[in-house]
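# Starting from these lines, generate the structure:
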Amino acid sequence: METYRFGAEDIEVLGTWDTVVVGGGTAGASCAISAANGGNRTLVVEAASSLGGSPSQALVTPMMPSYAPHGKNLHEIERRLNEAGIVTREDGDRMGYIWTTAESFACVLEDMLYEAGGEALYDAPLVRADVKDGKISAIEAMTVEGPKAICAAQFVDATGDAVLSRLAGVPCLAGDDDGNNQMSSLRFEMGGIDVDCYRRYCLCLGDEFSPLVDGYFWESAMVAGRGFKLEPLFQKGVEAGILKPSDLVYYQCFSLPGEPGCMAFNCPHLPDLKKNSSALARSQALREGRQRIRRLVKFLTAYMPGFEDAYLIRIAPMLGVRESWRIQGSYVLDVDDYVKRAKFDDAVANGTWYIDVHSATKGLVHMEKYQKGEYYQIPYRCLTNKTISNMLTVGRCISTSFLVQASVRIQQTVIDMGDSAGRACAKAKKQQMPLSELDGMGLLVAE
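Numbers count the residues shown, from 1 in each chain. So this is what the prediction gives:
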């Protein structure tokens, strides 16, 4: 039995890989797929039981609009969703969304990973990292067999919360200037909805939030104090004692493709969770979120036209965390880069989403939206750092300012980022070069 020395302990070695990606969400899975396609022996270490992260575990669907050129993995994901019978777009792409479901997305990513020659280790939370001479030599993960050491030449932190980066000693920041994080949500799904009836009711109020006035897909929203047509009905729920005023902070729902009568809800917001860097606070937020969902379901079935026979399908097993830690990498992407639509020779992804801050203290904060065809780029240097030479960080926790992080976090952007990062891993192996010394040129292949 091969073992690895962690401090004073000998931990059984599970195996050795070229590239180990910690976290199998949208960025991590995409990275692993590209690394494996590039010839690297690749393992994804995932704490949950499927790939997909926020879309599959936090029920974050659909993907938000992005009109920039995108990479191969994103196009292949959508092609496979269509092949599986998922209608991802409708009627000329009026909204720019990519519609999907949690299960279909997770299955597509898993198929792509294994067909590329990669593999996944599920139900394996990260425990610690062993750093020697500025490199990670091994990580420890907890498995059903007990703790296992996992060795690799390269590591990628795709945990979302920069867990591996922090364990390895990479400097990180969390939150805004006051240390407050963006608001998290706890999403849920309902079935038994007469969506056409619900849509007719919204339209008869003059609710023009969504342009989807016909067709299968429908989106609806309400934010208290912003003039939304649905607010008076929600206020009746407050007056009746079914809802609390804080339940009206944010309400939004979307159709689910291939599931008639079912909708995904991008709510409730959890305004009391201001520092989601606290494990206890996150746990309390899950409790609070489930209570809010029960109130919302009771209100919708009692008051909202089209919901008379509706029922709760499920509550997400994972918080929808928009922002937590960010590494302080080789380059910090800032608001100036966003404003001037910055382009970089070492670009890894194109970004178009606006600066969309769900502030725990200031409400919704939105900054200048781009016109179609406009985009900024994220440089490879936002994924590297000056502490660990054989690690990249991908996903929402890359090196940006607090405000710009609110733009880079959407799924299309992080899928492309992971795609480029995976190619970087394959290129660095071929050139026998540390990831931190790769120049990053030519990694973004977008169309």
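
# Do a quick rundown of the strands in the stretch 301-447 of the chain.
With strands called from DSSP state E, counting those that start in this stretch, the stretch 301-447 of the chain shows them at 311-315, 325-327, 347-351, 355-359, 363-367, 376-379, 391-393.

# Can you give me the buried ones in the second one?
Of all the residues in strand 325-327, those buried under the rule 16 or more other C-beta atoms under 10 Å are Trp325, Arg326, Ile327. Just so you know, the C-beta spots here come from the backbone N, C-alpha and C atoms, and that holds for glycine as well.

# so what strands line up beside that strand?
According to DSSP bridges, the neighbouring strands of strand 325-327, each with its direction, are strand 172-174 (antiparallel).

# what does the partner strand contact?
Strand 172-174 is contacted by residues 162, 165-166, 181, 275, 277, 324-328, 397, 402 when judged by C-beta atoms under 8 Å, 6 or more residues apart in numbering.

# Give me the subset of those residues lying in helices.
When helices are assigned by DSSP state H, the members of the contacts of strand 172-174 inside them are Ser165, Arg166, Phe402.

# before we move on, back to that, so which of the buried residues of strand 325-327 comes closest to Glu208?
Minimum distance to Glu208 across those is 36.0 Å, recorded for Arg326 (C-beta to C-beta).

# which ones are touching the closest one?
By C-beta under 8 Å, 6+ apart, the contact set of Arg326 is Ala162, Cys172, Leu173, Ala174, Cys397, Ile398, Ser399, Thr400, Phe402, Gln405.

# Which single one of those is nearest to Glu83?
Proximity of the contacts of Arg326 to Glu83, judged by C-beta to C-beta, is greatest for Ile398, which lies at 31.2 Å.

# What pLDDT is listed against the residue nearest to that closest one when sequence neighbours are not counted?
Of all residues not flanking Ile398 in the chain, Cys382 sits nearest, at 4.6 Å (C-beta to C-beta, 6 or more residues apart in numbering). Residue-level confidence at Cys382 comes out at 98, pLDDT.

# Determine the number of other residues adjacent to Cys382.
Cys382 is flanked by 29 other residues according to other C-beta atoms under 10 Å.

# Pull up the gap between it and Val348, please.
8 Å (C-beta to C-beta, to the nearest Å).

# show me where the stretch 101-250 of the chain has strands.
119-121, 126-132, 135-143, 146-157, 172-174, 188-191, 219-222.

# Turn the ones you listed into a markdown table, columns for distance to Gln411 and mean neighbour count.
A markdown table is the format used below for those (distance: least, C-beta to C-beta, whole Å; neighbours: other C-beta atoms under 10 Å):
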| stretch | distance to Gln411 | mean neighbour count |
| --- | --- | --- |
| strand 119-121 | 19 | 18 |
| strand 126-132 | 22 | 17 |
| strand 135-143 | 25 | 20 |
| strand 146-157 | 18 | 23 |
| strand 172-174 | 22 | 19 |
| strand 188-191 | 18 | 21 |
| strand 219-222 | 16 | 21 |
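
# want to throw those strands into TSV with mean pLDDT and distance to Leu109?
Supplementary listing: the strands of the stretch 101-250 of the chain in TSV, determined by pLDDT from 0 to 100; distance: least, C-beta to C-beta, whole Å:
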stretch	mean pLDDT	distance to Leu109
strand 119-121	98	9
strand 126-132	97	19
strand 135-143	98	20
strand 146-157	98	15
strand 172-174	96	27
strand 188-191	98	20
strand 219-222	96	24
